[in-house]
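# sequence unknown, structure follows:
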């Protein structure tokens, strides 16, 4: 099917998406793109809508909102997604009910799914790997029918699996996200900074047992955070994994810390220009498989959203989807 299936999250960007989505989609239609449009009403809706659209034959999708909208659409398409309780949302009941079983990653890849973005959310981290012009660059790529192939990461956890196109993170970053979602979400970027300062006051070293590829021993070094990245940015402008490449068939694994709260406060600005990776407590690896030994669920940030998950494994799915950018 040549038509696009646009899924609009009107709540993205503090309601900005609801105001701007209509004119942006109309511009695409006037330029010759055939676009069918549907609006979400609650978290998790985009998973079900994308799954149904894929079953009906759609292979071109538009995520109109933030990174969370794109995340849900990809999980609806690629299947095996279990959207568990999201930390700090008013729609926890809706989250628990979603268990989409769509097409497998292999079959979707074989039929080449393509997705475009109209980035009208708060973070829009993924596209920053390619452009700082956001919606303007995305619209241009759609009008020119210009795509590039990207990888996905498949996270297996105790109750299912899900796919990520941006990052999976545990530790300080996820804990800040959880607190921000509970209390500071309406304040946008300022709310995230408030979450950072509160978590710094509560800071303590954390340990997560992981091993990668052919490692025989578990890595249990204390840390401030661990991130497993498909793309380089998170939180909109934080250059958390400068060496990440969404098309190289590898997961960029960043281990950072542990450091004290005052040292972390001094280092915070360097996360925005990538210089945090020059710190003696920072290390990176490019891997294909990660195994976790988690005795219980912890806060995990997946593509900007925070969920309580007991992670088992993380794998790269090379060249999984085409993106208009």
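Great, that's in hand. Model, not experiment: these values are computed from the prediction.
# Does residue 319 fall in a helix, a strand, or a coil region?
On the three-state scheme (DSSP: H, G, I helix; E, B strand; the rest coil), residue 319 is labelled strand.
# Return the set of buried residues in stretch 177-184.
177, 178, 179, 180, 181, 184 (16 or more other Cβ atoms under 10 Å). Yep, even glycine has a C-beta here, placed from its N, CA and C like the rest.
# And the residues you listed, which is the shakiest by pLDDT?
The member of the buried residues of stretch 177-184 with the lowest model confidence is residue 181, at 81 (criterion: pLDDT).
# that's a helix at it, yeah?
Yes: counting by three-state DSSP, residue 181 is part of a helix.
# Might one say that it is in contact with residue 304?
No: contact criterion Cβ atoms under 8 Å: residue 181 and residue 304 do not qualify, at 10.0 Å.
# in the stretch 101-250 of the chain, which spans are helices?
Secondary structure of the stretch 101-250 of the chain, counting by DSSP state H, counting those that start in this stretch: helices at 105-110, 135-143, 172-179, 189-201.
# Can you check which of those gets nearest to residue 150?
With Cβ to Cβ, the closest approach to residue 150 among the helices of the stretch 101-250 of the chain belongs to helix 105-110: 11.4 Å.
# if we can go back for a sec, which of the buried residues of stretch 177-184 sits closest to residue 243?
Within the buried residues of stretch 177-184, proximity to residue 243 (Cβ to Cβ) peaks at residue 177, which comes in at 22.5 Å.
# wait, isn't that closest one in contact with residue 303?
No: Residue 177 is beyond contact range of residue 303, at 10.9 Å (criterion: Cβ under 8 Å).
# what's the most buried one of the helices of the stretch 101-250 of the chain?
Stretch with highest mean neighbour count among these: helix 172-179 (a mean of 24; mean count of other Cβ atoms under 10 Å).
# which secondary structure elements does it contact?
Under the contact definition 3 or more Cβ pairs under 8 Å, 6 or more residues apart in numbering; DSSP states H and E, helix 172-179 sits against helix 189-201, strand 225-229, strand 298-302, strand 305-309.
# Pipe those into TSV and attach mean pLDDT and distance to residue 267 per row.
Formatted as TSV, the entries for the helices and strands packed on helix 172-179 read as follows, by pLDDT from 0 to 100; distance: least, Cβ to Cβ, whole Å:
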stretch	mean pLDDT	distance to residue 267
helix 189-201	85	11
strand 225-229	97	12
strand 298-302	96	19
strand 305-309	93	22
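# CSV for these, including distance to residue 219?
Below are those laid out as CSV (distance: least, Cβ to Cβ, whole Å):
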stretch, distance to residue 219
helix 189-201, 23
strand 225-229, 9
strand 298-302, 16
strand 305-309, 19
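# out of those, which comes closest to residue 316?
Among the helices and strands packed on helix 172-179, strand 225-229 comes nearest to residue 316, with 9.7 Å by Cβ to Cβ.
# partner strands of that closest one, parallel or antiparallel?
strand 167-171 (antiparallel), strand 251-256 (antiparallel) (DSSP bridges).
# deepest of those strands, which one?
Ranked by mean neighbours (mean count of other Cβ under 10 Å), the strands paired with strand 225-229 are led by strand 167-171, with a mean of 26.
# what angle separates it from helix 172-179?
For the pair strand 167-171 and helix 172-179, the angle between their directions (axes from the mean of the first three to the mean of the last three Cα atoms, to 10 degrees) equals 90 degrees.
# Where does pLDDT dip in the chain?
Per-residue confidence of the chain (counting by pLDDT under 70) places the weak regions at 1, 80-110, 122-123, 188.
# Contacts only, for the residue positioned nearest the centre of it.
When the chain is reduced to its mean C-alpha position, the nearest residue by Cα atoms, centre = their mean turns out to be residue 303, at 1.5 Å. By Cβ atoms under 8 Å, 6 or more residues apart in numbering, the contact list for residue 303 reads 67, 68, 70, 71, 126, 164, 165, 166, 167.
# Same list, these, but as a markdown table with distance to residue 284 please.
Output for the contacts of residue 303, formatted as a markdown table (distance: Cβ to Cβ, whole Å):
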| residue | distance to residue 284 |
| --- | --- |
| 67 | 22 |
| 68 | 26 |
| 70 | 25 |
| 71 | 24 |
| 126 | 19 |
| 164 | 18 |
| 165 | 20 |
| 166 | 17 |
| 167 | 13 |
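# Next step: those residues restricted to strands.
When those are checked against strands using DSSP state E, the ones located there are 164, 167.
# tell me which of the contacts of residue 303 is nearest to residue 140?
Taking Cβ to Cβ as the measure, residue 126 is the one of the contacts of residue 303 closest to residue 140, at 16.7 Å.
# pretty sure the closest one contacts residue 68?
No: the pair residue 126 and residue 68 does not pass the contact test of Cβ under 8 Å, sitting 11.0 Å apart.
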